[in-house]
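Peer 1: Fold the following, please.
(one chain, ligands or ions: 1)
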Amino acid sequence: MAESIADSIAPGSVLVINAGSSSLKYQLVDPATERVYADGLAERIGEPTGSSITHEVGGRERIRRVALPDHRAAIAEVVELFREDGIDLAAAQLSAVGHRLVHGGREFHAPILIDDAVLAAIERLSPLAPLHNPPNLVGVEAVTALLPDVPAVGIFDTAFFHDLPDAAATYAIDTEVAQEFGIRRYGFHGTSHQYVSRQAARFLGRPDDEINQIVLHLGNGASASAIRGGRPIDTSMGLTPLEGLVMGTRTGDIDPGIAFHLARVGGKSVDDVDRIYNLRGGLKGLCGENDFRAILDRIEAGDSAAALAYDVYIHRLRHYIGAYLVDLGRVDAIVFTAGVGENAATVRADALAGLEGYGIAVDPARNAERARVSRRISTDDSRTAVLVVPTNEELAIAQQAAEVVLTS
Ligand code: AMP
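Peer 2: Purely as a prediction, here's the structure:
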C-alpha cells in the first residue's frame, strides 16, 4: 500500500509543519485535491525518556519509540519514516513546506516566503510569544536543513486579525507603555477562524463579504471571533493566547489584579503565575481534567467539580456570544469548530439555550447527529444559521503556502 501512496504523490504537494516546544505535528497534503497522504506527531522532543513519533500513511498508523534529543533529530526521523514508506521528500517535487508560526506581531499580515530577514523578524518577536516563536523557529531551521531546495512559507496565527479595528485592538493602558512593549490585541487561531468562516459562507451559498458570523473555535485552546463581511472586528485572544474563553489548561479572562495578589500575598514569582494561568488554569484547574470527554463523563457520574468547571466554561462562552451579537448587530451564522465545538452537542445546545428571542434556535435532533462534514444544526426558522464546520488548519496552511509560491 505504501508503494502506491509513494507513486501517487502529486507534484506540488505541501509538507505542513507545526512545531511546538516539545512536539512537532506534520502533514503531507495535496492542496489542490485536499488529499492527505500522511500525517503524524512527534512528542516529548528534548525529554530524556518517552519520546515517540506516531506516523500515519494511507490509514496505517505506526508508532516509533525513539530518542528525539531536539527538533532536528525529530525531523530527520520523520524524513526516515517517509523514506521507509518509499517516499523521498527531497525528490517528491513539493511546492512548499508550510510552517505554522504563532506570532507575527504588527509586521506580518499575510503568508510569506521565509528568508533570513523573516527569520530574524520572528526571533525579534519572540518576547511576545516566548513559548511559541522559539520552537517555531527551530522547526523552520530543522526542516530547511533537510529540505533546502523546497521553499519554506510562514503562515501566522495572528495574520487574520492584523487589521482589527483600533477600539477592539487597543488595551486601556498607558499608551507609552503599550507602544514601548507592543501591547495590543493580536488574536490567535487566525488560520482556523479564516478557514472556518469561509467554509461557512460556502456552505450557506453566500459570498463571505455579505455575511456576519460568530466563529467559536473550541478545542483545547479556545477562542471566539466576530466577523463582519469576511473581516474580523473582534476576537477573544489578546496579546497572548491566554485571554478570553475558559480553555483546557488556560484561565482565559481573569482579573489582572489576581497576579498582584498572588505575588504580594502568596509570594509567587512571575513564572509561578504564568504556570498557574497557562498550565494549571481553565478546566484542568477547576476539576483536574482538561479532556472534555472525561469531564462530560464525570458530570454524568455526578461529579460536582466537573459540573462547576462545565458551568464556568459555558457562562464565559455565552458572555462572548452576547458581546459579539451586539458588536455585529446582525448575525447570519454562529459557527462551532475544533474538538469540543465539532463533537460536544451538549456544549452547543447550552451555549445557545434560550436565545429564540434573538432569532437563534438549535434543533435538538440535528444537533445530536454526528458527522465529519459541515452541517446546519439550527431549526429551519432560526434567523441565524447555527453551523458545525470542521476546521482544517493543515489544509488551510498548505493552500496558502502553495499560493505564495505560485505568486512570488
Ligand atoms: P482540539 O484542540 O481541537 O484537538 O480539541 C481537543 C478537545 O476536544 C479535548 O478537550 C477533547 O476532549 C475534545 N473532544 C474531542 N472529541 C470529543 C467528543 N467526542 N466529545 C467531547 N469533546 C471532545
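
Peer 1: Where does P390 sit, in terms of helix or strand?
Peer 2: Per DSSP states H and E: P390 is located in neither a helix nor a strand.

Peer 1: Now it. Nearest residue, chain neighbours left out?
Peer 2: Leaving aside its chain neighbours, P390 sits nearest to E342 (5.6 Å; criterion: Cβ to Cβ, 6 or more residues apart in numbering). C-beta coordinates here come from the backbone N, C-alpha and C atoms, glycine included.

Peer 1: Poorly predicted segments of the stretch 201-350 of the chain, please.
Peer 2: Nowhere does the stretch 201-350 of the chain drop to pLDDT under 70.

Peer 1: For the ligand, give me its nearest residue in it.
Peer 2: G339 (2.1 Å; Cβ to the nearest ligand atom).

Peer 1: just to revisit the earlier point, contact partners for the residue nearest to P390?
Peer 2: Going by Cβ atoms under 8 Å, 6 or more residues apart in numbering, E342 touches 336, 388, 390-391.

Peer 1: Tell me the one among those residues nearest to the ligand.
Peer 2: Nearest to the ligand out of the contacts of E342 is T391 (Cβ to the nearest ligand atom; 7.3 Å).

Peer 1: list the contacts for that closest one?
Peer 2: T391 is in contact with 192, 195-196, 217, 337-338, 342, counting by Cβ under 8 Å, 6+ apart.

Peer 1: Per-residue pLDDT of it, please?
Peer 2: Looking at T391, its pLDDT reads 95.

Peer 1: Could I get the full set of strands for the stretch 51-200 of the chain?
Peer 2: Along the stretch 51-200 of the chain, the stretches classed as strands by DSSP state E, counting those that start in this stretch are 52-57, 60-65, 96-101, 112-113, 152-156.

Peer 1: could the ones you listed go into JSON lines alongside distance to the ligand?
Peer 2: Output for the strands of the stretch 51-200 of the chain, formatted as JSON lines (distance: least, Cβ to the nearest ligand atom, whole Å):
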{"stretch": "strand 52-57", "distance to the ligand": "14"}
{"stretch": "strand 60-65", "distance to the ligand": "17"}
{"stretch": "strand 96-101", "distance to the ligand": "14"}
{"stretch": "strand 112-113", "distance to the ligand": "26"}
{"stretch": "strand 152-156", "distance to the ligand": "18"}
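
Peer 1: and the ones you listed as CSV, adding mean pLDDT and mean neighbour count?
Peer 2: Below are the strands of the stretch 51-200 of the chain laid out as CSV (pLDDT from 0 to 100; neighbours: other Cβ atoms under 10 Å):
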stretch, mean pLDDT, mean neighbour count
strand 52-57, 96, 19
strand 60-65, 95, 13
strand 96-101, 97, 27
strand 112-113, 96, 18
strand 152-156, 97, 27
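
Peer 1: Out of these, which is closest to L395?
Peer 2: Nearest to L395, of all those, is strand 96-101, at 9.9 Å by Cβ to Cβ.

Peer 1: circling back to that earlier point, tabulate the contacts of T391 in JSON lines, adding columns for distance to A396.
Peer 2: Converted to JSON lines, these look like this (distance: Cβ to Cβ, whole Å):
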{"residue": "S192", "distance to A396": "7"}
{"residue": "Y195", "distance to A396": "4"}
{"residue": "V196", "distance to A396": "9"}
{"residue": "H217", "distance to A396": "12"}
{"residue": "T337", "distance to A396": "12"}
{"residue": "A338", "distance to A396": "13"}
{"residue": "E342", "distance to A396": "16"}
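
Peer 1: Run through the residues of the stretch 151-300 of the chain sitting next to the ligand.
Peer 2: Proximity of the stretch 151-300 of the chain to the ligand, by Cβ under 6 Å from any ligand atom, involves residues 219-220, 248, 291-293, 296.

Peer 1: Separate out the buried members of those.
Peer 2: Buried by 16 or more other Cβ atoms under 10 Å: 219-220, 248, 292, 296, out of these.

Peer 1: circling back: select, from the contacts of T391, the two members most distant in space.
Peer 2: The largest separation in these, counting by Cβ to Cβ, is between Y195 and E342 at 13.3 Å.

Peer 1: how about the helices of the stretch 201-350 of the chain, start to end?
Peer 2: 257-264, 270-278, 282-287, 292-300, 304-328, 338-343, 345-351 (DSSP state H, counting those that start in this stretch).

Peer 1: which secondary structure elements does the last one contact?
Peer 2: Same thing as helix 345-351. The helices and strands touching helix 345-351, judged by 3 or more Cβ pairs under 8 Å, 6 or more residues apart in numbering; DSSP states H and E, are helix 304-328, strand 333-337, helix 338-343, helix 364-368.

Peer 1: 7 Å - rerun?
Peer 2: helix 304-328, helix 364-368 (3 or more Cβ pairs under 7 Å, 6 or more residues apart in numbering; DSSP states H and E).

Peer 1: follow-up on the earlier one: the ligand next: which of the contacts of E342 are close?
Peer 2: Among the contacts of E342, not one lies near the ligand by Cβ under 6 Å from any ligand atom.
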